[in-house]
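1. Next input, structure requested:
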Amino acid sequence: MKFIPKILLFAFMSILFISCSNDDEQPLPETSQNILRINNQEFELKTGLYQTSETQDGLFTFGVILYDTEITFSNGLPRPENETFNGIAFQINIDSDQKPEVGEYLFTGEENPGVNAITEAFTISGNAQNSSGQIIEIEVARLQVVENDEIYVFEMTAIDEEDNEIEVNYSGELELIAN
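-> Residues are numbered from 1 along each chain as shown. Next up is the predicted model:
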């Protein structure tokens with residue numbers, strides 16, 4: 001008979017111990033969904049621009065530039081608001097002058113890749129104050145256009161000519177740069 005009270009006491013102590021453990025939910029760190037990562041460096045993307053033009057093959061190019069700063073326009077040209085800026089630019093061949101379709105776009109460096117392929121991609125960084133900058137070409141990339149109704153959602157992984165791993169996540173509107 002003494003066995004049952006000992007089991008009940010053990011069960012009660014176990015429940016008390018478990019319920020008193022530190023299981024308070026910790027808030028998750030806030031992360032931005034608009035990120036450009038180049039190896040260990042991370043930049044929050046704040047502005048997206050695009051431009052379309054027709055190519056000689058009856059295709060259209062849809063060019064995108066994503067910056068880590070706000071942009072103002074001077075004489076029709078984009079100008080970074082902050083003194084220094086970083087970003088990424090890529091160009092997709094599409095078969096209309098509208099938005100690119102949802103799907104996967106690859107960049108292999110091929111000279112004429114055809115429709116639904118990336119034709120050019122590079123990272124950009126610079127100093128708007130003294131008009132200096134650097135462009136590093138991307139050698140291979142995989143771009144996923146996830147959504148394109150009211151906003152654009154881009155997910156990209158790439159490797160540049162300096163063997164840097166690049167990751168892009170962007171969700172937002174793109175502002176048109178007039179031709």
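2. nearest spatial neighbour of the residue most central in space within the chain, skipping sequence neighbours?
-> Centroid check for the chain by Cα atoms, centre = their mean gives N169 as the closest residue, at 2.2 Å. Leaving aside its sequence neighbours, N169 sits nearest to I35 (Cβ to Cβ, 6 or more residues apart in numbering; 5.1 Å). From N, CA and C alone the C-beta is placed, and that goes for glycine too.
3. Against G114, how distant is that neighbour?
-> To G114, I35 is 30 Å away according to Cβ to Cβ, to the nearest Å.
4. The two: which is more packed in?
-> More crowded of I35 and G114, by other Cβ atoms under 10 Å: I35, with 15 against 11.
5. I figured the more buried one was touching I166, is that so?
-> No. The criterion here is Cβ atoms under 8 Å, and I35 misses it with I166 at 10.9 Å.
6. Which residues does E175 form beta bridges with?
-> L49 (DSSP bridges).
7. what are the ranges of the strands in this structure?
-> Along the chain, the segments classed as strands by DSSP state E run 35-38, 41-44, 47-54, 60-67, 71-74, 77-80, 84-94, 103-107, 117-127, 132-147, 152-160, 165-172, 175-176.
8. Least confident of those strands, on average?
-> Sorting the strands of the chain by mean pLDDT places strand 77-80 lowest, at a mean of 81.
9. who does that one touch, helix- and strand-wise?
-> The contact analysis (3 or more Cβ pairs under 8 Å, 6 or more residues apart in numbering; DSSP states H and E) places strand 77-80 against strand 71-74.
10. Now with 10 Å, please.
-> Applying 3 or more Cβ pairs under 10 Å, 6 or more residues apart in numbering; DSSP states H and E, one finds that strand 77-80 makes contact with strand 47-54, strand 60-67, strand 71-74, strand 84-94, strand 117-127.
11. Excluding sequence neighbours, find me the nearest residue to V102.
-> With sequence-adjacent residues excluded and distances taken as Cβ to Cβ, 6+ apart, V102 is closest to V145, at 5.3 Å.
12. same deal with I135?
-> Using Cβ to Cβ, 6+ apart, the nearest residue to I135 is F122, at 5.0 Å.
13. for T108, same thing?
-> V140 (6.1 Å).
14. I'd say the one you found and N164 touch.
-> No. Using Cβ atoms under 10 Å, V140 is not in contact with N164, being 11.9 Å away.
15. Now do the shared contacts for those two.
-> Common contacts of V140 and N164 (Cβ atoms under 10 Å, 6 or more residues apart in numbering): A158.
16. List the residues that contact the spatially closest residue to I177 that is not a sequence neighbour.
-> Of all residues not flanking I177 in the chain, Q51 sits nearest, at 4.4 Å (Cβ to Cβ, 6+ apart). Each residue near Q51 by Cβ under 10 Å, 6+ apart is listed here: 61-65, 78, 91, 174-179.
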